[in-house]
Each structure stands twice: as C-alpha cells, then as structure tokens.
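In: can't give you the sequence, but here's the structure:
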C-alpha cells in the first residue's frame, strides 16, 4: 500500500432486525467478542476494554444496519488493518489470509479470489463501512446478532478433537484424487469445492502471479487485459505463482477446472498443464460458463499435456448446485 493511514475503520453488515442468534456449537468457543449498540466497551474472551481508547466510539444502529468498528475487531482476532488513501482500499490480514475491499465497489477479494458483496463499502462520517459477515466468515469466524439487547457476537469454535498426524512413510500414498482449478470470478472455485467434497479430493488453485482485476476481465472493453491477450495469443503465457503440487505422483485422478474464455480454457491453466507430467493419471476437465459449452477446451489441454488419459469432461452453468455436481461425480464411478 502506497499510503497507510492509521485511521479507525468501521464496517457494515446487513442484518434483519429479527432475533436470530447463530445456533450454539457443542464445543466451547476458542474466541468470543461481544459489542453492544451505544456501548463504548467491548468484551474479548471475558476481558472488557474500550473499543476506541479516548474517543468513546460506539457501535450504532442506522437504517436497520449495525455499524461496528473494524480495527478493534481484526486486531482482537490477531490480524491487522491497513488503509490506502490513494486507492480508497482497505486491506485486512489474518493468519496469512488477505481480504481487500475498495470504497464504492461491490467486488471484494479473498486471497486474490473475487467475490460479489451485497453492499459496497461506503464512507459515513469519515469512517469506511465494510461488510462484517463476509469478513468474519472468510476468516472462519461466526457472527451472531441479538435484537433484544442490541448485541453483536463474533465467535470461533475450538476443534472438537486433536488431529492426529499420520507417521511419515517413504512411499507416497497412491490412488488419491486432486482437483486443480483456476477461477476468475469465483464460479469455478465453487464447483471445484463441490467436486472435492463429493470425491474426497485434495485441492490445488492455479494463481496468476499478476492477478486479473475486474477491469482486466471486462471482455466488452477492447482495451482490457483479456481482450488484448485474446487478440494476441503470444501474450497468453501467464506467469503463475506455482505449478508444483506436493506429492503430485500420489494422485491417480486429476480434475482440472476453468472458466471458458472465447470457447477455450482460460489460458492461465495452460501453464500448469504444460509444466506437469500426467503419465498414468486419469484427467477429467470441467468448466464453468453462462452459455458456452466445453467445446474443444479439454482436447486442446490434452494436446498441451501430451500425457495422461484425458476424458470428455463436463461443463457446468455458473450457478451449479452442489447436488448437480455430486450427481455428476457419482456417475463417474471413481
């Protein structure tokens, strides 16, 4: 960020004024933060402190929306908040994950993956209001609201049981399934996660070293990045963050997903396919598109790979449900 201002950000989340606390988990929360409308104090894990020391900032209810201070929340969670005045962008970081939101834009990014917000961040009384539910849930926290007392509760549950780490072996486990995907707007990511759940598979995300912005992806703009790359095929060699999958040799079945761009696979996928040896693997392409079919996208990727047993694959609509995806995976008989 070019200019980081130590301003006190506030975030906005949409909640109906109907009592609706989230159902309590059976385990004791590892983290609990509560704030109350009109109260300058907050309680974090039983310890009370001032939300904005010396300034008396309080959560408020305005037009049916609860406004709560972001910096106090994120820092209590163990994260950090930065603000770029020049680009009007907030960057929230926690546990290696990053959320980026821009004033007036309904597009937010979680680790470079675009998401559409119900409410765009706005500025009210020199405070930037951001959507708390998207932020908290992206960071794996739960949000609750109690109308009677005007209380906001943010919690994170402890694991119910410790995870046992298997003893290392000299030989990698064989017969595993992997879902590899590139997602420009989140649609392919959603389908990839449905497949991973249905097939009990691991997941690897293809990430361009220079992520595509909303403007880059605007195919109606003749000056956008994707249009330029489409019209200049030599520009489609997109550098990736990584093409190396840990224990690649242990996967017998590999799903490869992508959005359809001009009738073919989005070209960031090409670099991953070219960089890996698919010998002995069954490769199943899948794509997301509002209207275009799978076309020759899978065939062209198979030609790029030169190895592996590539199947016909499947095209999903952008809003494909988990049930539709599971039915397809079940029919594959993996």
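Out: It's in. This is a predicted model, so every value here is computed, not measured.
In: by contact count, what packs against the helix or strand harbouring residue 33?
Out: Per DSSP states H and E, residue 33 falls inside strand 29-36. Judged by 3 or more C-beta pairs under 8 Å, 6 or more residues apart in numbering; DSSP states H and E, strand 29-36 is in contact with strand 41-44, helix 70-77, strand 151-157. The C-beta positions use only the backbone N, C-alpha and C, and glycine is treated the same way.
In: mean pLDDT lowest where, among those?
Out: Ranked by mean pLDDT, those end with helix 70-77 in last place, scoring a mean of 79.
In: what's the first helix or strand after that helix?
Out: By DSSP H and E, the next helix or strand past helix 70-77 is strand 80-84.
In: touching the helix or strand following that next one from outside, list them.
Out: Moving toward the C-terminus from strand 80-84, the next helix or strand (DSSP H and E) is strand 89-94. Where contact means C-beta atoms under 8 Å, 6 or more residues apart in numbering, the residues beyond strand 89-94 that reach it are 1, 9, 70, 74, 77-84, 98-103, 121, 128, 130, 135, 139.
In: pull out the buried residues from those.
Out: Neighbour-count burial (16 or more other C-beta atoms under 10 Å) is assigned, among those, to 9, 70, 74, 77, 79, 81-84, 98-103, 121, 128, 130, 135, 139.
In: from residue 32, how far off is residue 201?
Out: 34 Å (C-beta to C-beta, to the nearest Å).
In: actually residue 330, not the one I wrote
Out: 40 Å.
In: these two - which one has more neighbours?
Out: Ranked by neighbour count (other C-beta atoms under 10 Å), residue 330 and residue 32 place residue 32 first, with 16 against 11.
In: in its sheet, what does the strand holding residue 33 sit against?
Out: With DSSP bridges as the test, strand 29-36 is paired with strand 41-44 (antiparallel), strand 151-157 (antiparallel).
In: just name the most buried of those strands.
Out: Most buried of these by mean neighbour count (mean count of other C-beta atoms under 10 Å) is strand 151-157; its value is a mean of 19.
In: which SSE is immediately downstream of it?
Out: Following strand 151-157 in sequence, per DSSP H and E, is strand 176-181.
In: how about residues contacting the helix or strand following that next one?
Out: The C-terminal neighbour of strand 176-181 among helices and strands, as given by DSSP H and E, is helix 187-199. Helix 187-199 is contacted from outside by 113, 177, 179, 181-183, 201-203, 205, 253, 255, 257-259, 286-288, 316, 318-322, 325-326, 329-330, 334, using C-beta under 8 Å, 6+ apart.
In: now, which of the residues you listed lie within strands?
Out: By the criterion of DSSP state E, membership of the contacts of helix 187-199 in strands covers 113, 177, 179, 181, 202-203, 205, 253, 255, 257-259, 286-288, 316.
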